[in-house]
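[1] I need the structure of the sequence given here:
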Amino acid sequence: FEEVYEWVDQVPLTRVRKVFGRDFSDACLMAEVVKHFKPSSVDLHNYRESLSAARKMENWTVLNQKVLKKIGIDLTKQNIEQLCAGADKAAEKLLLRVKTSLESGPP
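    Predicted coordinates:
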């Protein structure tokens with residue numbers, strides 16, 4: 001996933017990346033990454049940093065419905081649960097899909 005890390009490092013994130021999966025677990029950094037490459041597609045005010053599992057689920061659900069589906073990515077409930085839990089490489093796998101989708105243009 002080295003190419004994913006290099007790609008994300010291009011984005012001026014509001015938080016320093018420490019533990020990748022945990023840092024992306026509330027969907028806020030994912031929203032920032034997508035907004036960086038597709039500015040009109042994300043309203044960052046829709047996402048709040050959180051340690052709460054319920055708030056993380058809400059953030060991911062909104063991001064999935066309002067943003068990811070529009071770039072051809074539809075997360076399952078299981079995908080979202082894995083992302084919220086910071087499961088091993090779940091964020092990296094999604095970022096690779098996002099990168100591929102954004103680089104290939106509109107779905």
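[2] give the contact list for the residue sitting nearest the centre point of the chain.
    With distances taken as CA atoms, centre = their mean, Met30 lies nearest the centre of the chain, 2.6 Å away. Contact analysis of Met30 by CB atoms under 8 Å, 6 or more residues apart in numbering lists Phe24, Leu63, Ala91, Leu94, Leu95, Val98. Placement of C-beta: from N, CA and C, glycine included.
[3] ok, the fourth one touching Asn79?
    It refers to Leu94. Yes - counting by CB atoms under 8 Å, Leu94 does reach Asn79; the two are 7.3 Å apart.
[4] Neighbour count: those two, which is higher?
    Leu94 (21 against 18; other CB atoms under 10 Å).
[5] what about the more buried one, distance to Ala87?
    As judged by CB to CB, to the nearest Å, Leu94 and Ala87 stand 11 Å apart.
[6] And Asp26, by the same measure?
    Counting by CB to CB - Asp26 and Ala87 are separated by 14 Å.
[7] Of those two, which one has the most company?
    Asp26 (26 against 15).
[8] any idea whether the more buried one is helix, strand or coil?
    At Asp26 the chain is in coil, as set by DSSP: H, G, I helix; E, B strand; the rest coil.
[9] If we ignore the residues flanking it in sequence, what's nearest Lys99?
    Leaving aside its sequence neighbours, Lys99 sits nearest to Trp7 (CB to CB, 6 or more residues apart in numbering; 5.4 Å).
[10] again with Leu68
    Distance criterion CB to CB, 6+ apart; nearest residue to Leu68, sequence neighbours excluded, is Leu75 at 6.3 Å.
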